[in-house]
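Asker: Sequence below, structure please.
(chains A and B)
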Number of protein chains: 2
Amino acid sequence: MSKYWSDKVKSLKPYIPGEQPKDKKYIKLNTNENPYPPSPKVIQAIKAAANGDLKLYPDPEVEILRNTIANYYGIEKDEVFIGNGSDEVLGFSFMAFFNPGKPILFPDISYSFYKVYANLFDIEYKLVSLDEDFNIPLNEFLKENGGIVIPNPNAPTAKYLEVEKLKKLLEANVNNVVIIDEAYIDFGGESLVKLISDYPNLLVVQTLSKSRSLAGLRVGFAMGNKELIKALNMVKNSINSYTIDRIALAGANAAFVDNDYFETTRKKIVKTRERTIESLRKLGFKVTDSKANFIFISHPKIYAGELFKELKSRGILVRYFKDERIDNYLRVSIGTDDEMNKFIEVLEEIIRT
Amino acid sequence: MSKYWSDKVKSLKPYIPGEQPKDKKYIKLNTNENPYPPSPKVIQAIKAAANGDLKLYPDPEVEILRNTIANYYGIEKDEVFIGNGSDEVLGFSFMAFFNPGKPILFPDISYSFYKVYANLFDIEYKLVSLDEDFNIPLNEFLKENGGIVIPNPNAPTAKYLEVEKLKKLLEANVNNVVIIDEAYIDFGGESLVKLISDYPNLLVVQTLSKSRSLAGLRVGFAMGNKELIKALNMVKNSINSYTIDRIALAGANAAFVDNDYFETTRKKIVKTRERTIESLRKLGFKVTDSKANFIFISHPKIYAGELFKELKSRGILVRYFKDERIDNYLRVSIGTDDEMNKFIEVLEEIIRT
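Answerer: Sure, this is the predicted structure:
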């Protein structure tokens, strides 16, 4: 620790992203990336944007992409905010909507970045405990609070909450902002975006990193009432006016334009997921129901930490969280059919020995 | 103002970037962009990076680019931090090194984003008044303070401080971080980066937006003692682990590799600048000495606000700040020779009428 660090930095506990190993080629099922490359039209759009105009600043308003997303979801351009990945969008949202002193609520088992943001911006939080089967106890979110964040589907449990259930939560929290983090919504869930005109307290956050195969391009977005979007823009323009580069803008836009590709790949992943779950259950695994591009699994006979190591030594990377309550589970991203076949084959081998 | 806004957002006064007009084609001398396109090798590198790997997260450590920059400046990889434009790097630096309660110092006339960061992160500041000729009174920075930010060359005045003068300042502030914002250093100044091993309190911030023609790609960086860089990484990893996308990484890296292109274009700009200054002085303009890719000008007979409008109506955009002390000045980016010829021609026309 250095004398030059601010008191703030001295107290930080940063997020630790999943491994991006450089030592050898793994079957990479550890960071919920899409196993399919982005649409060829995205690649084409990026190449076309690689031109002399890069000398000029990008559009700080990101108008074209906001228009495209607004049209896609049947909402207004001014109801869309674009950020450098949904992590940045979430970080800005914590600053924009939550106050120190009034605890916000999120599930005890969920995306571990929420705690990090809260810590960074001095926002108190209370963890709401999931039940034994990792269900989110919605009644706990009806109590007085300073704001709510719920990932839907939840990560790393993969479990999904229906729109009707979340409606109740929105109605009970008319004075607080409710953030629904829909990073994984495209793999079988239904987005709450259709409710933003009914609920001015609802902010829906999505990303192009998962269902649109663009983790490497860093684009995420939020949708909500214009007043919420205005607040996000105020935060953005107080730290970095141009967060989206010209190339990312072009690529992200093309990803929404090529809807056929999106539909084809996301359906493939859902199919592979269902098939994988079936095989795993046959091998004795406990697998939560998933509406995400990953599954959350546990085996009665092999400790998850052990299984993680065994898989890694055999060239398969999955994610293991050494956290209370979930330290006997592995989070496994859904890869291609070939990758998942290999995964199951290796698991059979490990279980047999 | 909405009831959903945090107290923080209610108090924000965001930065307002220069116009990026979409209505018609201007000679754009208002945002200090480089008039020359990026190196053809940058374009090539970007096209090569537009591939299926975009489905994968980028390297959160940005190793390749940090190595390239470290080699370029003869420093260590761990002395380099990469961010989404130098605005983001500066924002993170305010969080990493400055505390609320102990006022930091920066010039009263300088990059207007500093006030915005300070406001966002509740950091008090004292403005140090430039003298009548816009010189920075270095003695004022030797007093007790919570940190220092100085742009060198300063913006919008374009004036440059020699290394020896800044050394004194670094020596007098061994307990505080001194940020030297070198966004414009490549246009004739000498970087302080060679001092980072002598001064653990020195953070040098640079950008690829100006001298490397990549405003549209959003890459900036900081160089300093490893402990300072560690603090910046802690802030980054508390808000967004992957701020640099795969494409930006490839393009930025190529910009450093093609040093010939960089040398050629920056020298061209310096030459055009000197020629422009000469012509303007002949027209009666007061022009500050500039080591930047812009000049700061004032005319004894025409009010700057008026001149701004006249220029705009004739298709030339410059930057006008309606701020105390500088409201009779225009900041003019250095364009190509043709653009500057046209600029001077139009000025002659305006002055004549």
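
Asker: Which elements pack onto the host helix or strand of A:Lys271?
Answerer: Taking DSSP states H and E as the definition, one finds A:Lys271 inside helix A:259-282. The helices and strands touching helix A:259-282, judged by 3 or more C-beta pairs under 8 Å, 6 or more residues apart in numbering or on different chains; DSSP states H and E, are strand A:286-287, strand A:294-298, helix A:337-352. C-beta: built from backbone N, CA, C; applies to glycine.

Asker: which residues sit against whatever helix or strand comes next after the second one?
Answerer: I take that to be strand A:294-298. Downstream of strand A:294-298, the first helix or strand assigned by DSSP H and E is helix A:304-313. If you take C-beta atoms under 8 Å, 6 or more residues apart in numbering or on different chains as the criterion, helix A:304-313 is touched by A:26, A:298-299, A:302, A:317-318, A:320, A:322, A:327-330, A:343, A:346-347, A:350.

Asker: Mind doing that once more with 6 Å?
Answerer: By C-beta atoms under 6 Å, 6 or more residues apart in numbering or on different chains, the residues outside helix A:304-313 that reach it are A:318, A:320, A:328-330, A:350.

Asker: which residues does the residue nearest the centre of chain A contact?
Answerer: Per C-alpha atoms, centre = their mean, the C-alpha nearest to the average position across chain A is that of A:Ala183, at 3.3 Å. By C-beta under 6 Å, 6+ apart, the residues touching A:Ala183 are A:86, A:207, A:210.

Asker: where's A:Thr243 relative to chain B, distance?
Answerer: Using C-beta to the nearest C-beta, to the nearest Å, A:Thr243 is found at 6 Å from chain B.

Asker: do the same with A:Tyr73
Answerer: 20 Å.

Asker: got it, and A:Leu214?
Answerer: A:Leu214 is 6 Å from chain B, by C-beta to the nearest C-beta.

Asker: That residue: helix or strand, and which one exactly?
Answerer: For A:Leu214, there is no enclosing helix or strand under DSSP H and E.

Asker: Backbone dihedrals for A:Lys230, both of them.
Answerer: phi -60, psi -40 (degrees, to the nearest 10).

Asker: helix, strand or coil for the closest residue to it other than its chain neighbours?
Answerer: Closest residue to A:Lys230 apart from its sequence neighbours, by C-beta to C-beta, 6 or more residues apart in numbering or on different chains: B:Ser2 at 7.5 Å. When classified by DSSP: H, G, I helix; E, B strand; the rest coil, B:Ser2 comes out as coil.

Asker: Around B:Ser2, count how many other residues there are.
Answerer: B:Ser2 sits with 16 neighbouring residues when counted by other C-beta atoms under 10 Å in any protein chain shown.

Asker: thought it was touching A:Leu228?
Answerer: No. Judged on C-beta atoms under 6 Å, B:Ser2 makes no contact with A:Leu228 at a distance of 7.3 Å.

Asker: picking that back up, looking at the helices and strands packed on helix A:259-282, spot the one closest to A:Pro151.
Answerer: Set against A:Pro151 and scored by C-beta to C-beta, these come closest in strand A:294-298, at 12.1 Å.

Asker: And for that closest one, what's in contact with it?
Answerer: Contact with strand A:294-298 is made by A:32, A:156-158, A:280, A:285-288, A:328-333, as judged by C-beta under 6 Å, 6+ apart.

Asker: One more pass at 8 Å, please.
Answerer: Residues outside strand A:294-298 that contact it (C-beta under 8 Å, 6+ apart): A:29, A:32, A:134, A:155-158, A:184, A:273, A:276-277, A:280, A:285-288, A:290, A:304, A:326, A:328-334.

Asker: In the sheet, which strands lie alongside it, parallel or antiparallel?
Answerer: Looking at strand A:294-298 with DSSP bridges, its partner strands are strand A:286-287 (antiparallel), strand A:330-333 (antiparallel).

Asker: returning to what we had before: tell me, what's touching B:Ser2 and A:Leu228 both at once?
Answerer: In contact with both B:Ser2 and A:Leu228: A:Pro200, using C-beta under 8 Å, 6+ apart.

Asker: Residue ranges in chain A under the pLDDT threshold?
Answerer: Along chain A, no part satisfies pLDDT under 70.

Asker: what ranges do the helices span in it?
Answerer: A:7-10, A:40-49, A:63-73, A:85-97, A:113-120, A:163-172, A:226-236, A:246-257, A:259-282, A:304-313, A:337-352 (DSSP state H).

Asker: What residues of the helix holding A:Lys271 count as buried?
Answerer: Counting neighbours by 16 or more other C-beta atoms under 10 Å in any protein chain shown, one finds that the buried residues in helix A:259-282 are A:261-262, A:265-266, A:268-270, A:272-273, A:276-277, A:279-280.

Asker: Also stretch A:317-335?
Answerer: Across stretch A:317-335, burial judged by 16+ other C-beta under 10 Å covers A:317-321, A:326, A:328-335.

Asker: can I get those residues in CSV with distance to A:Val219?
Answerer: Formatted as CSV, the buried residues of stretch A:317-335 follow (distance: C-beta to C-beta, whole Å):
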residue, distance to A:Val219
A:Leu317, 24
A:Val318, 26
A:Arg319, 23
A:Tyr320, 28
A:Phe321, 26
A:Ile326, 29
A:Asn328, 35
A:Tyr329, 30
A:Leu330, 28
A:Arg331, 23
A:Val332, 25
A:Ser333, 19
A:Ile334, 21
A:Gly335, 23
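
Asker: Let's see which of those end up in strands.
Answerer: A:317, A:330-333 (DSSP state E).

Asker: Going by distance to B:Ser238, which of those wins?
Answerer: Ranking these by separation from B:Ser238, with C-beta to C-beta as the measure, puts A:Arg331 on top at 21.9 Å.

Asker: Surely A:Ile351 is in contact with A:His299?
Answerer: Yes. Contact criterion C-beta atoms under 8 Å: A:Ile351 and A:His299 qualify, at 7.3 Å.

Asker: Next, show the common contact partners of those two.
Answerer: Here A:Ile351 and A:His299 share the contacting residues A:283-284, scored by C-beta under 8 Å, 6+ apart.

Asker: neighbour-wise, which of those two wins?
Answerer: Neighbour count, other C-beta under 10 Å: between A:Ile351 and A:His299, A:His299 has more, with 21 against 15.

Asker: do you know how far that one is from chain B?
Answerer: Going from A:His299 to chain B by C-beta to the nearest C-beta gives 28 Å.

Asker: try A:Phe81
Answerer: A:Phe81 is 13 Å from chain B, by C-beta to the nearest C-beta.

Asker: Residues in a beta bridge with that residue, which ones?
Answerer: Assigned bridge partners for A:Phe81, using DSSP bridges, are A:Ala222.

Asker: Contact partners for it?
Answerer: Applying C-beta under 8 Å, 6+ apart, the residues contacting A:Phe81 are A:66, A:89, A:221-223, A:229, A:232-233, A:236.

Asker: From A:Asn139, how far off is it?
Answerer: The spacing between A:Phe81 and A:Asn139, counted by C-beta to C-beta, to the nearest Å, is 31 Å.

Asker: circling back to that earlier point, what's the most buried one of the helices and strands packed on helix A:259-282?
Answerer: Per-stretch averages of neighbours, counted by mean count of other C-beta atoms under 10 Å in any protein chain shown, single out strand A:294-298 among these, with a mean of 24.

Asker: And the contacts of stretch A:86-95?
Answerer: A:81, A:83, A:113-114, A:117-118, A:120-121, A:123, A:149, A:177, A:179, A:181, A:183, A:203, A:205-207, A:209, A:220-222, A:232, A:235-236, A:243, B:6, B:8-9, B:120, B:239-243.

Asker: In stretch A:12-24, which residues are buried?
Answerer: A:12, A:14-15, A:17-18, A:20.
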